[in-house]
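Participant: from the sequence below, what's the structure:
(2 chains)
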There are 2 protein chains.
Amino acid sequence: MTTNKTVPSDIDIAQAASMVSINDIAAGAGLTADDIEMYGQYKAKIKFETIERLKTAQDGKLILVTSINPTPAGEGKSTVTVGLADALKASGKNSMVALREPSLGPVMGVKGGATGGGYAQVLPMEDINLHFTGDIHAITTANNALAAFIDNHIHQGNDLEIDPRKVIWKRVMDMNDRALRQIVIGLGGPARGVPREDGFDITVASEIMAVLCLSSDLKDLKNRLSQIVIAYTYQGEPVTVADLDVQGALTLLLKDALKPNLVQTLEQTPALIHGGPFANIAHGCNSVLATKTALKLADYVVTESGFGADLGAEKFLNIKTRTTEKHPDAVVIVATVRALKMHGGKSKKELVNEDTQALKAGLTNLQKHIETVQEFGLPAVVAINKFHTDSDAEISILEDFCKSSQVPFSLTEVWEKGGNGGIDLAAKVINAIDHPGEFSYLYELDLPIKEKINTIIRKVYGGSEAVFSKKAEAQIKQFEAYGWGALPICMAKTQYSLSDDPSQFGRPEGFKVTIREIVPKLGAGFLVALTGDVMTMPGLPKNPAAKNMDVTEDGKGIGLF
Amino acid sequence: MTTNKTVPSDIDIAQAASMVSINDIAAGAGLTADDIEMYGQYKAKIKFETIERLKTAQDGKLILVTSINPTPAGEGKSTVTVGLADALKASGKNSMVALREPSLGPVMGVKGGATGGGYAQVLPMEDINLHFTGDIHAITTANNALAAFIDNHIHQGNDLEIDPRKVIWKRVMDMNDRALRQIVIGLGGPARGVPREDGFDITVASEIMAVLCLSSDLKDLKNRLSQIVIAYTYQGEPVTVADLDVQGALTLLLKDALKPNLVQTLEQTPALIHGGPFANIAHGCNSVLATKTALKLADYVVTESGFGADLGAEKFLNIKTRTTEKHPDAVVIVATVRALKMHGGKSKKELVNEDTQALKAGLTNLQKHIETVQEFGLPAVVAINKFHTDSDAEISILEDFCKSSQVPFSLTEVWEKGGNGGIDLAAKVINAIDHPGEFSYLYELDLPIKEKINTIIRKVYGGSEAVFSKKAEAQIKQFEAYGWGALPICMAKTQYSLSDDPSQFGRPEGFKVTIREIVPKLGAGFLVALTGDVMTMPGLPKNPAAKNMDVTEDGKGIGLF
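Facilitator: This is a model prediction of the structure:
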């Protein structure tokens, strides 16, 4: 988040805030103390019995917040998501926000969390950014238990004839640790397992995270876990969790993690923060269970998807929506003058200067995302997230563009003013919801894999077609033979460009997208199409943010952001 | 635990039990709802403010439960510990139990937990054996954050000149995973760190676990963390956490884990379950903070140490007691007819048959542990943990032995009958407390390292002397030069024998003990003396217990024990 002299730091705002007991937040959402399990005074999990009981309640309206392609300038998507929920509440509506859980690894490395910013934050910020209610630790544990079961199986006679060179299940850690990207395990003789190449991903990249986020209950969770492909045999046949018969143990390890977490915003709007899969190799949205629960409890639920609309919103609509069976009623696209100037060719250092030419050039990026949302048949609203460096002339150009595109828009100041800075946005969104379109998926599941991928490239990225590597060609043939052809596609592409080239800002055209590899995620229920290298284990910078962290003697965090 | 037809399985007893709200348990211990942070309805953490406030309260009496050298027959030490606290409560005393937290790794591998058994258990058993309040996950995270900071430092220019061949800080996982015992990390080129040999330990073997268990508050925790030796430079100088300047971040990651956890026994006696360091390469007791807190809240606190009295009790008395500044008022030594027969030379299969000869031969082991406790100047009480296979003749022999040794003893049936099965034991323990001895440490800290080790070997193991390897000789010289000579010694020895040879049952004599290596644990504040190989990462059996685990659709665990 860019600093602004009139607003204190995120952690100062968060620590100065007076939270109300989570029992009161629950009561505000129509829940009793018996519906929740408290984790300290300000966090709770919602019980399965409660979720079951709510099933017959009517759904509220769902608002999806997405953005233009992200830039180093920052767009403030989470901030707008939280601020819009607060603004709806301030407008007298019964609202709720549903967000992803942040990963701890990046918190130790670089400044910046996933709990909003300024006066639009969720609390308790420290807890949410550290261990929270332990969901991600439970996922780490389940993931690594599975890895241990696999290597133990190979070590103990390998009845399933797993080819140690073809184990595709990696270990994970919720940490930025580049030294674990590529390792060799099982060294030191027969007592220490069977040597093989391996590597760690960051926990949020685990398929189990995606599985947890897409599961509708414990039974569905266990069923999905059992279908995860973990390796191939010497004969090339896929091996699943069911073959190892440990889906029950993994479900047991995840039973509490599956319950959505209830917290509050700075303005005491109820917030469900649950699940946080990677937005590149997974679908990048909070859990289905949290979204569905929020829809039962509130008239308006605001949620977000990862990265820009080309990645996060596309996957929200083509993957998550098939599971929730509830599409968004409106989509908010967050844009900033600063980020659009970067799409117009400027560097981050140049952004403090007014530059109407760069802004105009960068508007093509916003234009494409508006078209994408409309392609799904959904009403789009542009949220212009205001920064103090924006000039009046720049704001006018952005507003004029929205007017000429006949897209509702609103200048929001939620970072500086909280919900009161988003009252107009809330009104525009409610108006958009009152004029619904006709939602449709961009592709039917029974199309061939290649056609599904080409549909996304053409309709969402604005490219011409996919180029498949030899490996991808062979995999597609093989996977269709295995009967995996009817799954949705989860694209893994750079978030910085509509194309697969991160240096192509704005709205590139006529480009091809190389599909390097297809990764089966049968538990999550999608096929990942990899374009270029995807980083699944981040590294730390030379001076990690951790160096500035500390605790006071009475237990208050210092230096978190 | 051996099964007995009259008693249902541990998990059946645990799930059939009706717990009271943790608020009520807290109230019974003199705490209000403001003193605790609830983790669901049946678990809570005690706040730092409360611990601070209690400092002026008077201490209760401390009862340490230890045992003869463990055998595959099982002694039931945790069961007696829980049962004795329940028996004290049933006798009208204000009692509390303070136990270690179980590690999840072994739970996935082999049947058997660390929450007691039969009708002497702590609850909620499932939670405690799985993720509990996340303490062990927080330790894993802090340990691995430190590892990532070390490798990142080496990768980013290595200003401290750390020799990558001399990094002694290992990564950890709360899992039985033999394939991670010996690995090579940092492979795959310059973007993936600096290649070096490494390995994972199980989390409870992390020095951070020992540090957390020995810390008296957040300030002490940070100070101890800063002193941990993580590596040596190319010049052979030690590198500490303070050199990396990440002690604040590590403390932040551990701030909630440092708070003791409150739960309840089957008979609703308050229980503090907190910390669980390995009993071989660490000191193997629950946290100092939990023990101290329990002593402020109860008149009688029952706690246990790891393995037999030669390892756990010796370290409790020579290491932990120096930190708590409160020695036990009495020591209970748990013995069974079955285990003593194994010390008399019988195999596990032969134990169902009456064998008074083997029993008599095995009594030498119990005799040595009684002498050890008396060596410390403490009153010993023998708890004979009764099994249904014990014959009357066998019980008589054991009782006669205790009488002739002038040691109070009691036949306990807490596993079968709960607290009511330990009323006599409780009375004997109270009587022993009323006749205190004169406690003294077995060695003064300013003795040379070798003399401290020899003192333990002679007075506790009954051996003749230590034989130091060349490596250990060199290390002792080096460590005394570093100024580390005045630390207590943490012996790492097989738990199965008084000697360093696991096949020597009973009471071996005249043996020498080989000291292979000395490991500095400056954060924990002791030097580990390794005798033989120490397993710090367990493996899974061919058919892991996990295969029998499952969850019902409403979230009830199946197959845990």
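Participant: host element of A:Leu527?
Facilitator: In the assignment (DSSP states H and E), A:Leu527 maps to strand A:526-530.
Participant: walk me through which strands that strand pairs with, and which way each runs.
Facilitator: Strand A:526-530 pairs in its sheet with strand A:489-492 (parallel), strand A:517-521 (antiparallel), by DSSP bridges.
Participant: which residues in the stretch 401-550 of chain A form strands?
Facilitator: Applying DSSP state E, counting those that start in this stretch to the stretch 401-550 of chain A gives strands spanning A:409-412, A:465-468, A:489-492, A:512-515, A:517-521, A:526-530, A:550-551.
Participant: and among these, the most buried is which?
Facilitator: strand A:489-492 (a mean of 26; mean count of other CB atoms under 10 Å in any protein chain shown). No exception for glycine: its C-beta is placed from N, CA and C like everyone else's.
Participant: of all the strands of the stretch 401-550 of chain A, which lies closest to B:Gln374?
Facilitator: strand A:550-551 (43.5 Å; CB to CB).
Participant: the helix or strand that the closest one is followed by: how far from the chain's middle?
Facilitator: Heading C-terminal from strand A:550-551, the first helix or strand you meet, by DSSP H and E, is strand A:557-558. Relative to the centre of its chain, strand A:557-558 is centred 26 Å away, using CA atoms, centre = their mean, to the nearest Å.
Participant: swap in stretch A:95-113?
Facilitator: Going by CA atoms, centre = their mean, where stretch A:95-113 is centred and where its chain is centred differ by 10 Å.
Participant: what about the strands in the stretch 1-150 of chain A?
Facilitator: Using DSSP E, counting those that start in this stretch, strands in the stretch 1-150 of chain A cover A:36-38, A:44-46, A:61-67, A:95-99, A:116-117, A:120-123.
Participant: would you turn these into JSON lines with mean pLDDT, distance to A:Gln268 and mean neighbour count?
Facilitator: Output for the strands of the stretch 1-150 of chain A, formatted as JSON lines (pLDDT from 0 to 100; distance: least, CB to CB, whole Å; neighbours: other CB atoms under 10 Å in any protein chain shown):
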{"stretch": "strand A:36-38", "mean pLDDT": "96", "distance to A:Gln268": "16", "mean neighbour count": "22"}
{"stretch": "strand A:44-46", "mean pLDDT": "98", "distance to A:Gln268": "14", "mean neighbour count": "25"}
{"stretch": "strand A:61-67", "mean pLDDT": "98", "distance to A:Gln268": "19", "mean neighbour count": "27"}
{"stretch": "strand A:95-99", "mean pLDDT": "98", "distance to A:Gln268": "11", "mean neighbour count": "30"}
{"stretch": "strand A:116-117", "mean pLDDT": "90", "distance to A:Gln268": "14", "mean neighbour count": "28"}
{"stretch": "strand A:120-123", "mean pLDDT": "96", "distance to A:Gln268": "9", "mean neighbour count": "27"}
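Participant: using CSV, lay out these together with distance to chain B.
Facilitator: Output for these, formatted as CSV (distance: least, CB to the nearest CB, whole Å):
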stretch, distance to chain B
strand A:36-38, 4
strand A:44-46, 8
strand A:61-67, 27
strand A:95-99, 21
strand A:116-117, 20
strand A:120-123, 16
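Participant: circling back to that earlier point, convert the strand holding A:Leu527 to PDB, retaining C-alpha atoms only.
Facilitator: Provided in PDB are the C-alpha atoms of strand A:526-530 (Å, rounded to 0.1, in the frame of the first residue of the first chain):
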ATOM      1  CA  PHE A 526      -9.200 -29.300 -12.600                       C
ATOM      2  CA  LEU A 527      -6.300 -29.600 -15.000                       C
ATOM      3  CA  VAL A 528      -3.600 -27.000 -14.600                       C
ATOM      4  CA  ALA A 529      -2.200 -25.600 -17.900                       C
ATOM      5  CA  LEU A 530       1.300 -24.300 -17.300                       C
END
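Participant: that older thread, which one of the strands of the stretch 401-550 of chain A has the poorest average confidence?
Facilitator: Among the strands of the stretch 401-550 of chain A, strand A:550-551 has the lowest mean pLDDT, at a mean of 94.
Participant: sheet-wise, list the partners of it with their directions.
Facilitator: strand A:557-558 (antiparallel).
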